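Chemist: give me the fold of what follows.
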Amino acid sequence: MKRYLLVLIGAAVLWGAYWGVQAHGLRGEIRDWFDARRAEGWVAEYDALRVRGFPSRLDVTITQPRLADPESGLSWEAPFLQILGLSYKPGHVIVAFPDRQVFGSGGTTHEVTSDGLRASLVTEADGTLLRLNAEAETLNITRDGADIALAAVLANFHRIAGQDTGYRLALGAGAVATPQGALSRGRSNGLDIEGRFVFDRPWTLGSLAGPRPQPASIDLAKAEYRLNDLDLQLAGRVEIDSLGRPDGRMTLRAENWRSLLDSARDSGDLPEALAETLIRGLTLAAGLNGRQDTIDLPLTLSGGEVSLGIIPLGEAPRIRLP
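Modeler: Just a heads-up that it's a prediction; the model follows:
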């Protein structure tokens, strides 16, 4: 009995030492990451860093993290960030976010409030991302009055087997609300996106610090946005060059499209002259289809320009991650 007791004590001491080494190493890796960002000119600060969870967990809590990348103009701050993992299962962590975060982009501030926002990340030993799953009961984004509220949010970003830079994305929200529409769950309200994306390099844990992978092609199986009477659907494939210019063809279907244009014009997001041109052209196109409230047209992107059917819309948006 005494021998067994000594063995148990010895095993406990060894495991405690093993856990302590892991916790010390993890704490050092996080500190080094923040130090490296500051050396690159970032704002990279936090008030406190704790690693807890003995004997079987490695749970990190970073209090008041603040990050700002001067090159991209991106910034983020939050009351805390938690990274939760098992000491015997490296490469799989749960990231728990606070109820309120603030993002910045190009001088514009976005406040994000949420309930139950968390993400699961699975990586290889070298940090290459294999799977990212995220969920939130509610997710509210506020930017200069352009608010949007989402409920029952699910997102999956998985590397495709046998492809180093190919990923499958699925994003859905069971309910959507904007200042123009109330939030309610059901088929009449929601967001669904499914597609395959190829990037110019794999996503890794180091991608946050840059350079970030850039999309090289998008094969969109479905993108559907439903709000009140509006039903907007988009599908197709585009190739993207090194400057972010898309080239390809998609199909756009919109029911009750007039309300979308009126809203964009009234908010100032769509210039009055362009709105009137679109309304005249789309009214004609919808009439040819037999339904004034529905359009079903090709969206062509080529040479840096975009057109809807025979209607030129001007310069195509650049598809680049900051």
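Chemist: for stretch 74-85, C-alpha coordinates in CSV please.
Modeler: Taking Å, rounded to 0.1, in the frame of the first residue of the first chain, the C-alpha atoms of stretch 74-85 are listed here in CSV:
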residue,chain,number,x,y,z
LEU,A,74,-7.9,47.5,-38.2
SER,A,75,-8.4,47.7,-34.4
TRP,A,76,-10.1,45.7,-31.7
GLU,A,77,-10.7,46.0,-28.0
ALA,A,78,-12.7,44.2,-25.4
PRO,A,79,-13.1,43.8,-21.7
PHE,A,80,-11.6,40.3,-21.9
LEU,A,81,-10.9,37.3,-24.1
GLN,A,82,-10.8,33.7,-22.9
ILE,A,83,-9.0,30.9,-24.7
LEU,A,84,-10.0,27.5,-23.2
GLY,A,85,-8.3,24.2,-23.8
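Chemist: list the buried residues of it.
Modeler: Buried residues in stretch 74-85, counting neighbours by 16 or more other CB atoms under 10 Å, are found at 74-78, 81-85. All C-beta spots, glycine's among them, are computed from the backbone N, C-alpha and C.
Chemist: just the ones in strands from these, please.
Modeler: 74-77, 81-85 (DSSP state E).
Chemist: any chance of JSON lines for those residues, columns pLDDT?
Modeler: What follows is these, written out as JSON lines (pLDDT from 0 to 100):
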{"residue": "L74", "pLDDT": "92"}
{"residue": "S75", "pLDDT": "95"}
{"residue": "W76", "pLDDT": "96"}
{"residue": "E77", "pLDDT": "97"}
{"residue": "L81", "pLDDT": "98"}
{"residue": "Q82", "pLDDT": "98"}
{"residue": "I83", "pLDDT": "97"}
{"residue": "L84", "pLDDT": "97"}
{"residue": "G85", "pLDDT": "94"}
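Chemist: picking up where we left off before, dump the buried residues of stretch 74-85 into CSV; add distance to A17 as well.
Modeler: Converted to CSV, those look like this (distance: CB to CB, whole Å):
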residue, distance to A17
L74, 40
S75, 40
W76, 36
E77, 36
A78, 33
L81, 28
Q82, 25
I83, 23
L84, 22
G85, 19
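Chemist: can you tell me which of these is closest to G236?
Modeler: Lowest distance from G236 to those (CB to CB) belongs to L74, with 28.8 Å.
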